[in-house]
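Participant: requesting a structural model of the entry that follows:
(2 chains)
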Amino acid sequence: MSGAWTAAGALARRDLRAALRRWGELALPLCFFVIVLTLFPLGLAPERDTLAAIGPGVLWVAALLASLLALETLFRGDMDDGSMEQLVLSPQPLALLALVKALIHWLLSGLPLVLLTPLVAQAFYLPTDALWVLALALLLATPTLSLIGAVAAALTASLRRGAGVLGILVLPLAVPLLVFGARATDLAIQGQSAAGPLYLLAALLALAITLAPLAIAAALRISVD
Amino acid sequence: MWLWFHKLGSPPYFYRTAGRLIPWFAIPAALLLLAGTVGGLAIAPPDYEQGDGFRIIYVHVPSAYLAMFGYVAMAVAAAIGLIWRMKLAFAFAAACAPVGAAFTFLCLATGSLWGKPMWGVWWDWDGRMTSMLVLLFLYLGVIALRGAFDDAAKGDRAAALLAIVGVVNIPIIKFSVDWWNTLHQPATISKLSAPSMTMDMLGWLLTMVVGYMLFFAAVVTLRLRGEVLLRERGARWIRGLDGRA
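Facilitator: Coordinates of the predicted model:
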C-alpha cells in the first residue's frame, strides 16, 4: 500500500511543478472570473440594491464557468504526451491517482477562486458578515466541482473538440452546488443561519470524494484505449 | 433462460425476434392510448377544484413516469454493457436516450401548460421542475457525448459511464416534492397509501400509463432494430434480408 502513496505523492509533486511552470494557463480562469464579474455591474445599472440582490448568484455562476474553463486542460497534456497511458497501466490504484490529479487541479484553480472571492464580493456590496459564509461555501463547493468536472474531463479527454460537450456534461451535475451555495450566501446576507445548506455542501463533497475517483478512473480507462 | 439471453445477444436473432415483437407492443399500445384518451378527456368526471384543467394529468404523469423509467432503463443497460461487454446493451441505451428525452420534454411542456392557468406561471424554479430539467440536460449530454466520438464503441462506453453517473438525479426527482415543500404537488399515486383520486379518474390514468409503457416498448424496439442495422452494416446476415424481413 505504501507504494500507492509514494506514487500519489510523486504524481502530486509532478502535477504541481508542471502547472506552476505555466503561470499563464493558471491565471486565465481567474482573469475570466474577474472579467465576467465586472461585466455585470457595467451591463446593469450599477445601483447598490440591484447589485447586492444579484451578487451571490452572479458570483456562483461566474465561479462555475471559470472552473469549467480550467477543466479543459486537466487531462489534455497527459493524454497528448502519453503519460496518461503510463498512469493507467501502472500497478497503482487508478482511482487514487485520479483523486490526486483532481485535488491538485482544485488547489490550482478552485482555491484561488475562493481566495479571490472576498475581494470581488466588495464589488457587489455583499455585507462583511456574509463573506465568511460565502468563502466557506465556496471552499466546500469548489472541490466537489473539480471532482465532478474531472469525471467529465476524463470522459472527453480523447476528443479533439471536447470543450462544448464538457459544458453540457458538467453544468447539469453542478446544479445542486449552485442551488445550495447561492442559498447559503442568501441566508447569510439576510442575517440568518446558513448551516443547513453548508452541511449539504459538505455532504456533497464527502460523496464526491468517495465516488468520483472511481468514475474518473473508469472514464480514463475508456479514453485511453 | 441463459441460453435465451445469449441467443438474444446475437444481432440477426434479435433483429428477427424484435420484428415479431413490435406488433405485440404497438397494437395494444394504440388501443390503450385511444381508450385512455377518450376516457380521460370525455368520460372521467371533472375535478371539483380544477374543472377540466386536471385532464392534462393523463399526458403529464405517464410521460413523467416514462422519462424516469427510460433513464433508469438506459443506465441499467449501460451498466450491463460496461460490465459484460454486451454490444446489444449499448445499442439499447442508444435507442432509449432520444425517446426518454422526448418524454422528459413532453412532461415539462404539459406541466408548463397546466401551470399557467393553475399557478399563474409557466415555470417555477422548484425542486421537481428543476431536477426534471436537469434530467433533460442529462439525456442531451448522453446523446451529445455519444455523438462526439468518431469511434462508436468508445462513444458507447463513455456515454454509458455518464448515464450511470447521472442516475444520482433520479432519487432527487422522486423525493424532491417531499424534501422541498414547494409548488409542485406530491405524488398522486403511491403504493403505500390510498390514491388521492377517485377510481373513475384513476382507472383511465392507469390505462394511459400502461399504454405509454407499451408505446415506449414499441418505439424503443423499433429504434433498436434500426441501431442494430446501423451497427452491423456490412455484416453478412444483413445482405440476406429481403425487404420485409
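
Participant: which outside residues touch the strand or helix carrying residue A:188?
Facilitator: Element membership for residue A:188, per DSSP states H and E: helix A:175-189. Helix A:175-189 is contacted by residues A:52, A:56-57, A:59-61, A:64, A:126-127, A:129-130, A:132-134, A:137-138, A:141, A:144-145, A:193-194, A:196-198, A:200-201, A:204, B:130, B:134, B:172 when judged by CB atoms under 8 Å, 6 or more residues apart in numbering or on different chains. No exception for glycine: its C-beta is placed from N, CA and C like everyone else's.

Participant: in strands only, show me those.
Facilitator: Here DSSP state E is the test, and these give no hits in strands at all.

Participant: for chain B, what lies in contact range of chain A?
Facilitator: Neighbours of chain A within chain B, by CB under 8 Å from any CB of the partner chain: B:82, B:130, B:134, B:137-138, B:140-141, B:144-145, B:148-149, B:154, B:157-158, B:161-162, B:164-166, B:169, B:172.

Participant: give me the buried entries from the contacts of helix A:175-189.
Facilitator: Buried members of the contacts of helix A:175-189, scored by 16 or more other CB atoms under 10 Å in any protein chain shown, are A:56-57, A:59-61, A:64, A:126, A:130, A:133-134, A:137-138, A:141, A:144-145, A:194, A:197-198, A:200-201, A:204, B:130, B:134, B:172.

Participant: burial check on the residue in chain B that chain A sits nearest to, number of neighbours?
Facilitator: At 3.8 Å from chain A, residue B:137 is the closest residue in chain B, using CB to the nearest CB. Residue B:137 has 20 neighbouring residues, counting by other CB atoms under 10 Å in any protein chain shown.

Participant: go on, residue A:43?
Facilitator: By the measure other CB under 10 Å, the count of residues near residue A:43 is 8.

Participant: cool, residue B:94 as well?
Facilitator: As a burial measure, residue B:94 scores 28 neighbours (other CB under 10 Å).

Participant: nearest residue to residue A:136 other than its sequence neighbours?
Facilitator: Once flanking residues are discounted, residue A:136 sits nearest to residue A:198: 6.4 Å by CB to CB, 6 or more residues apart in numbering or on different chains.

Participant: residues touching stretch B:45-62, excluding its own?
Facilitator: B:36-37, B:40-41, B:44, B:106-107, B:110-111, B:113-114, B:117-118, B:188-189, B:198, B:200-201, B:204-205, B:208-209, B:211-213.

Participant: oh, that last question was meant for stretch B:97-115, not what I typed.
Facilitator: By CB under 8 Å, 6+ apart, stretch B:97-115 touches B:53, B:56, B:59-60, B:63-64, B:66-67, B:70-71, B:73-74, B:121-124, B:129, B:132-133, B:135-136, B:139-140, B:142-143, B:146, B:159, B:163, B:212, B:216, B:219-220, B:223.

Participant: nearest the geometric middle of chain A, what residue?
Facilitator: The centre of chain A sits closest to residue A:146, judged by CA atoms, centre = their mean, with a distance of 3.7 Å.

Participant: show the contacting residues for the closest residue to it other than its chain neighbours.
Facilitator: The shortest distance from residue A:146 to any non-neighbouring residue, by CB to CB, 6+ apart, is to residue A:106 (3.8 Å). Residues counted as contacts of residue A:106 (CB under 8 Å, 6+ apart) are A:142-143, A:146-147.

Participant: near chain B, which residues of chain A?
Facilitator: Residues of chain A lying close to chain B (CB under 8 Å from any CB) are A:151-152, A:155-156, A:158-159, A:161-162, A:165, A:168-169, A:171-173, A:175-176, A:179, A:215, A:218-219, A:222-223.

Participant: among these, the buried ones, what's the PyMOL command?
Facilitator: A single PyMOL command selects the buried members of these (16+ other CB under 10 Å):
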select buried, chain A and resi 151+152+155+156+158+159+162+165+168+169+171+172+173+175+176+179+215+218+219+222+223
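
Participant: give me the subset of the residues of chain A next to chain B lying in helices.
Facilitator: Among the residues of chain A next to chain B, the members found in helices (DSSP state H) are A:151-152, A:155, A:165, A:168-169, A:171-173, A:175-176, A:179, A:215, A:218-219, A:222-223.

Participant: which stretches of chain A form helices?
Facilitator: For chain A, the helices defined by DSSP H cover A:2-20, A:23-43, A:48-71, A:76-81, A:83-89, A:94-105, A:111-123, A:128-155, A:163-173, A:175-189, A:195-224.

Participant: just give the closest residue to residue B:66, not the sequence neighbours.
Facilitator: Among residues not flanking residue B:66 along the chain, residue B:103 sits closest, at 4.5 Å (CB to CB, 6+ apart).

Participant: pLDDT at that neighbour, what is it?
Facilitator: Listed pLDDT for residue B:103 reads 93.

Participant: now do it against residue B:109, distance only.
Facilitator: 11 Å (CB to CB, to the nearest Å).

Participant: kindly report the same for residue A:49.
Facilitator: Residue A:49 is 36 Å from residue B:109, by CB to CB.

Participant: who has more neighbours, these two?
Facilitator: Higher neighbour count among residue A:49 and residue B:109: residue B:109, with 13 against 9, using other CB under 10 Å.

Participant: surely the more buried one is in a helix?
Facilitator: Yes: assessed with DSSP: H, G, I helix; E, B strand; the rest coil, residue B:109 lies in a helix.

Participant: pLDDT at it, what is it?
Facilitator: pLDDT, residue B:109: 89.

Participant: again with residue B:125
Facilitator: Among the per-residue scores, residue B:125 holds a pLDDT of 71.

Participant: cool, and residue A:151?
Facilitator: According to the prediction, residue A:151 has pLDDT 91.

Participant: give the contact list for it.
Facilitator: So residue A:151 contacts A:212, A:215-216, A:219, B:165 (CB under 8 Å, 6+ apart).
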